[in-house]
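> Test case, fold it:
(one chain, ligands or ions: 1)
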Amino acid sequence: MKILLDTANLEKIREYVDSFPIVGVTTNPTILTREGGSDPVDTLIRIRQVLGKDRELHVQLTETTYKKMIEEAYIITRILGDNTYIKVPVSDVGLKVTKKLTEDGINVTQTAILTATQAMLAAEAGAKYVAPYVSRLDNIMGDGISTIADISEIFVNGGYETKILAASFKTAKQVLDTALAGAETATVSVDIFKKLYEHPITSSSIDGFTNDWTNTYGDTLLELFKKVNPNSHFGY
Ligand code: E4P
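Sure thing, here's the model as predicted:
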């Protein structure tokens, strides 16, 4: 399952995108008000510069009427370039906007998805992604993971090319269950991303290997090899 970062924090994006297999960044109006500084347009342009043109940048509309939403989508796409996805909240106007933008060749992520039927209609309207909100569903006694499983089944049955971009995670286990339920992509905070690879036993195992080696040989394997081949040069 591909992973995007759900943040507008430029420093974190720079740090994580350079070092980890992350295919893009998602933002929403709340994230931008929290992390986007006083000039959200400048922040989004900088995020695009950090991401480069091949990674995905998902930006949510702030307009709420059809004509203005279309206009906003056009300008966002024009300024932020290829691989920009317009996040359109699902609603009657949202579905109309998705249909129109798709016909015009603009990538849409239908967001704020809470039910499988919303996702089905978004796929029919041509959305490239649907973004179901796992924690927001779980918090109202819904079942985020089974909703994702339902959406996945509907997309397979209907032969839709629309992908699931699962969102709104509070635990790493939700991310695992999302992957098992058939989602192709998920967007996570930096904190959740770390939890996907950190494990206390992994850390203690690594410490054990390092201690055993150092106590026996002193030098690392690199240092020992360099003593044997002091003039070797490698193209790294
Ligand atoms: C991403 O597309 C969503 O906007 C985001 O993940 C919502 O997350 P939250 O429920 O933690 O605010």
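> can you give me the strands for the protein?
2-6, 24-26, 56-60, 84-89, 108-113, 129-132, 163-166, 185-188 (DSSP state E).
> Run a quick check on L224 versus Y217, I expect a contact.
Yes - between L224 and Y217 there is a contact at 6.8 Å, judged by CB atoms under 8 Å. (Glycine included, C-beta is placed from N, CA and C.)
> ok, longest helix in this structure?
In the chain, assigned by DSSP state H, the helix with the most residues is helix 200-217.
> Sketch out the helices for this protein, chain order is fine.
10-19, 29-35, 40-51, 66-80, 92-103, 116-125, 134-138, 144-158, 172-180, 190-197, 200-217, 221-228.
> Identify each buried residue in the shortest one, please.
For helix 134-138, burial by neighbour count (16 or more other CB atoms under 10 Å) applies to 134, 136-138.
> ok, so of the residues you listed, who is nearest the ligand?
For the buried residues of helix 134-138, the residue nearest the ligand by CB to the nearest ligand atom is R136; the value is 4.9 Å.
> and that closest one, what does it touch?
114, 144, 168 (CB atoms under 8 Å, 6 or more residues apart in numbering).
> quick one: contacts for the residue nearest to the last one when sequence neighbours are not counted?
Read that as S168. Spatial nearest neighbour of S168, excluding adjacent residues (CB to CB, 6 or more residues apart in numbering): Y133 at 3.7 Å. With contact taken as CB under 8 Å, 6+ apart, Y133 is in contact with 112-114, 144, 167-168.
> Tell me the residues of this structure that contact the ligand?
6, 26, 28, 111, 131, 133, 135-136, 167-168, 187 (CB under 6 Å from any ligand atom).
> Could you tell me which of those count as buried?
Buried, going by 16+ other CB under 10 Å: 6, 26, 28, 111, 131, 133, 136, 167-168, 187, out of the residues of the chain next to the ligand.
> any idea how far L196 lies from the ligand?
15 Å (CB to the nearest ligand atom, to the nearest Å).
> Now do the domain split for the chain, please.
Residue ranges for the domains of the chain, per automatic domain parsing: 2-197, 201-236.
> how about a markdown table for the ones you listed, with mean pLDDT added?
What follows is the domains of the chain, written out as a markdown table (pLDDT from 0 to 100):
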| stretch | mean pLDDT |
| --- | --- |
| domain 2-197 | 97 |
| domain 201-236 | 91 |
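> looking at the ones you listed, which is buried most?
domain 2-197 (a mean of 19; mean count of other CB atoms under 10 Å).
> That one: end-to-end distance?
For domain 2-197, the first and last residues are 14 Å from each other (CA to CA, to the nearest Å).
> How far does it sit from its chain's centre?
The chain centre lies 7 Å from the centre of domain 2-197; the measure is CA atoms, centre = their mean, to the nearest Å.
> How about stretch 193-206?
21 Å.
> Start and end of that stretch, how far apart?
20 Å.
> coming back round to it: now the strands of the chain in a markdown table, with distance to M69?
Conversion of those to a markdown table gives the following (distance: least, CB to CB, whole Å):
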| stretch | distance to M69 |
| --- | --- |
| strand 2-6 | 22 |
| strand 24-26 | 18 |
| strand 56-60 | 11 |
| strand 84-89 | 7 |
| strand 108-113 | 11 |
| strand 129-132 | 17 |
| strand 163-166 | 19 |
| strand 185-188 | 21 |
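> Which of those strands sits closest to A172?
Closest to A172 of the strands of the chain is strand 185-188 (CB to CB; 8.5 Å).
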